[in-house]
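# Need coordinates for the below:
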Amino acid sequence: MRSEFGVSTGQPFWPNSAEILDHDDLGSSRERAFQVALLIPMCGSAGLWAPSCIASAQAAVQELNRLSGIAGRPIQIMIVDSAVEAESPVETVVQSLLDTGSIDAIVGMHISAVRQRLTRVVRGQIPYIYTPLYEGGERSEGVFAIGDTPQKQLGPAIDHLQRQFHLKKWALIGNDYVWPRTSHDYAKAKIAAQGTELVYEQYLPFNSGKLGEEVDRLGQSGADGVLVSLVGQDAVEFNRHFGALDLHKKMVRLSCAIEENGLLASGARNLDRLFASSSYFAALRTPENARFREKYHNLHQDRAPMLNALGQSTYEGMQFLASLVGDAGTDWRTIVERPPKQIAYNSVRKSVYLSNSDNTAPIFLARANGVVFDEFQQIR
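The predicted structure is shown next:
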């Protein structure tokens with residue numbers, strides 16, 4: 001249905017969104033607006049990330065529209081459901097938006113399998129900013145990936161846990177698509193190089209209903225460390241089964257995708273000895289995060305969803321887009337036609353874009369303490 005956001009799959013989360021999208025200093029002409037399709041999962045396993053993704057993107061839009069918008073035009077966002085479980089395939093929706101000239105850019109926070117489908121539709125016609133952690137290696141024209149990759153995020157975390165716990169046997173579990181499989185290929189090389197043993201490996205479809213059975217098998221594998229590359233609600237269900245069997249007494253958990261929403265949904269008793277690696281956590285004490293948290297909570301107040309890395313990434317995606325288009329004037333393609341260059345943008349993570357597989361954001365390892373992360377250690 002149509003909302004103040006533009007194209008949406010449901011009601012807007014916050015009734016004051018119209019003032020976020022059309023700032024008086026820029027005028028409110030929809031003909032002049034710079035239209036951004038915000039592609040986020042609104043249902044299914046990854047749907048629990050939607051509120052924080054929308055809220056973070058809104059914070060960026062408000063901030064940018066109080067300046068000069070993008071290319072001197074006020075920004076409007078259109079929410080498109082990019083869940084694999086969505087009723088309408090996201091590539092069909094995006095194709096329609098492209099055919100009608102309804103969007104100027106895409107900011108996408110969704111799984112890599114969806115990105116791979118979309119690149120065949122977008123084909124460099126408009127800039128496509130891909131914001132979450134991912135497996136690396138994206139080379140499609142006009143796609144800019146600004147998230148963490150396994151070499152930065154996963155490798156140092158495995159090394160750190162190995163030194164801390166002297167792990168001897170690892171297990172790997174993830175959803176069955178490109179990011180978990182590619183990340184686990186990288187992890188297996190690290191594990192082999194350390195002389196440790198891989199004793200369990202499994203990949204499951206989303207919402208498989210088999211997580212309880214697999215956690216039972218995991219508990220009998222002899223592993224003392226497990227890399228969890230499950231998405232959203234599947235990670236939550238895994239943690240609940242894991243906690244019910246007290247498997248934290250046998251093994252430590254490492255994840256690159258479990259964030260603060262996942263902790264809340266999992267429940268405090270199910271999170272002992274769970275570690276996460278990321279360039280962003282809600283509780284990081286940095287000047288950049290303090291400023292972002294202030295803007296975010298001033299905007300959304302008591303309606304503010306829990307901050308987390310995946311949600312915050314849409315804020316950075318909008319900021320990156322503004323810098324990309326601003327750097328290139330009216331033709332953003334000149335950025336990719338020239339030799340690779342750094343792209344600086346307003347980043348909460350202190351990141352500068354170097355390439356689709358490299359940025360300057362520091363990486364932290366955090367430990368779950370109840371339903372929050374703390375004990376932050378910079379590992380890269």
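
# This protein: helices as residue ranges?
17-21, 50-65, 90-99, 112-122, 150-153, 155-165, 178-193, 211-219, 233-244, 260-266, 287-300, 309-327, 334-337 (DSSP state H).

# Distance from the third one to the middle of the chain?
What separates the centre of helix 90-99 from the centre of its chain is 22 Å, taken as CA atoms, centre = their mean, to the nearest Å.

# name the helices or strands packed onto that helix?
Judged by 3 or more CB pairs under 8 Å, 6 or more residues apart in numbering; DSSP states H and E, helix 90-99 is in contact with strand 34-40, strand 75-81, helix 112-122. To be clear about C-beta, it is placed using only N, CA and C from the backbone, and glycine gets the same treatment.

# please redo it, this time with the cut-off set to 6 Å
helix 112-122 (3 or more CB pairs under 6 Å, 6 or more residues apart in numbering; DSSP states H and E).

# which residue packs closest to Leu271, ignoring adjacent ones?
Ala368 (4.1 Å; CB to CB, 6 or more residues apart in numbering).

# What does the pLDDT read for that neighbour?
On pLDDT, Ala368 comes in at 97.

# Please apply the same query to Arg333.
Arg333 is given a pLDDT of 75.

# how near is it to Ile126?
Distance of Arg333 to Ile126, given as CB to CB, to the nearest Å: 10 Å.

# Same question for Gly317.
Relative to Ile126, and taking CB to CB, Gly317 is found at 14 Å.

# do the same with Ala223
45 Å.

# Mind checking which of the two has more residues around it?
A side-by-side neighbour count of Ala223 and Ile126, using other CB atoms under 10 Å, places Ala223 first with 24 against 20.

# Leaving out sequence neighbours, find the closest residue to that one.
For Ala223, the closest residue by CB to CB, 6+ apart turns out to be Ala171, at 3.7 Å.

# any idea of the pLDDT on the one you found?
98.

# ok so, going back, any chance of JSON lines for the helices of the chain, columns mean neighbour count and distance to Ala33?
Below are the helices of the chain laid out as JSON lines (neighbours: other CB atoms under 10 Å; distance: least, CB to CB, whole Å):
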{"stretch": "helix 17-21", "mean neighbour count": "18", "distance to Ala33": "8"}
{"stretch": "helix 50-65", "mean neighbour count": "26", "distance to Ala33": "10"}
{"stretch": "helix 90-99", "mean neighbour count": "17", "distance to Ala33": "14"}
{"stretch": "helix 112-122", "mean neighbour count": "18", "distance to Ala33": "20"}
{"stretch": "helix 150-153", "mean neighbour count": "22", "distance to Ala33": "35"}
{"stretch": "helix 155-165", "mean neighbour count": "18", "distance to Ala33": "41"}
{"stretch": "helix 178-193", "mean neighbour count": "18", "distance to Ala33": "33"}
{"stretch": "helix 211-219", "mean neighbour count": "18", "distance to Ala33": "43"}
{"stretch": "helix 233-244", "mean neighbour count": "22", "distance to Ala33": "34"}
{"stretch": "helix 260-266", "mean neighbour count": "22", "distance to Ala33": "30"}
{"stretch": "helix 287-300", "mean neighbour count": "16", "distance to Ala33": "20"}
{"stretch": "helix 309-327", "mean neighbour count": "25", "distance to Ala33": "14"}
{"stretch": "helix 334-337", "mean neighbour count": "14", "distance to Ala33": "22"}
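
# Just send those back as TSV, with distance to Phe34 too.
Formatted as TSV, those follow (distance: least, CB to CB, whole Å):
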stretch	distance to Phe34
helix 17-21	11
helix 50-65	9
helix 90-99	14
helix 112-122	17
helix 150-153	31
helix 155-165	38
helix 178-193	30
helix 211-219	42
helix 233-244	34
helix 260-266	29
helix 287-300	20
helix 309-327	8
helix 334-337	17
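
# rank the ones you listed by mean pLDDT and give me the bottom one.
With a mean of 36, helix 17-21 has the lowest mean pLDDT of the helices of the chain.

# thought the residue nearest to Ala223 was touching Leu198?
No. The criterion here is CB atoms under 6 Å, and Ala171 misses it with Leu198 at 7.6 Å.

# Out of the two, name the residue with the larger neighbour count.
Taking Ala171 and Leu198 together and counting by other CB under 10 Å, Ala171 has the greater number of neighbours (22 against 16).

# And for Tyr280, the neighbour number?
By the measure other CB under 10 Å, the count of residues near Tyr280 is 30.

# my bad, Thr196
When neighbours are counted by other CB under 10 Å, Thr196 registers 18.

# For it, which residues are in contact?
168, 170 (CB atoms under 6 Å, 6 or more residues apart in numbering).

# Find me the pLDDT at it, would you?
For Thr196, the pLDDT comes out at 96.

# This protein - how does it break down into domains?
Annotated domains of the chain cover 2-148+286-359, 151-281+364-378 [automatic domain parsing].

# how far is the longest one from where the chain is centred?
Spelled out, that is domain 2-148+286-359. With CA atoms, centre = their mean as the basis, domain 2-148+286-359 stands 11 Å off its chain's centre.

# And the shortest one, by the same measure?
The chain centroid and the centroid of domain 151-281+364-378 are separated by 17 Å, computed with CA atoms, centre = their mean.

# ditto for stretch 352-364
With CA atoms, centre = their mean, you get 14 Å for stretch 352-364.

# Quote the end-to-end distance of it.
By CA to CA, to the nearest Å, the extent of stretch 352-364 from end to end equals 17 Å.
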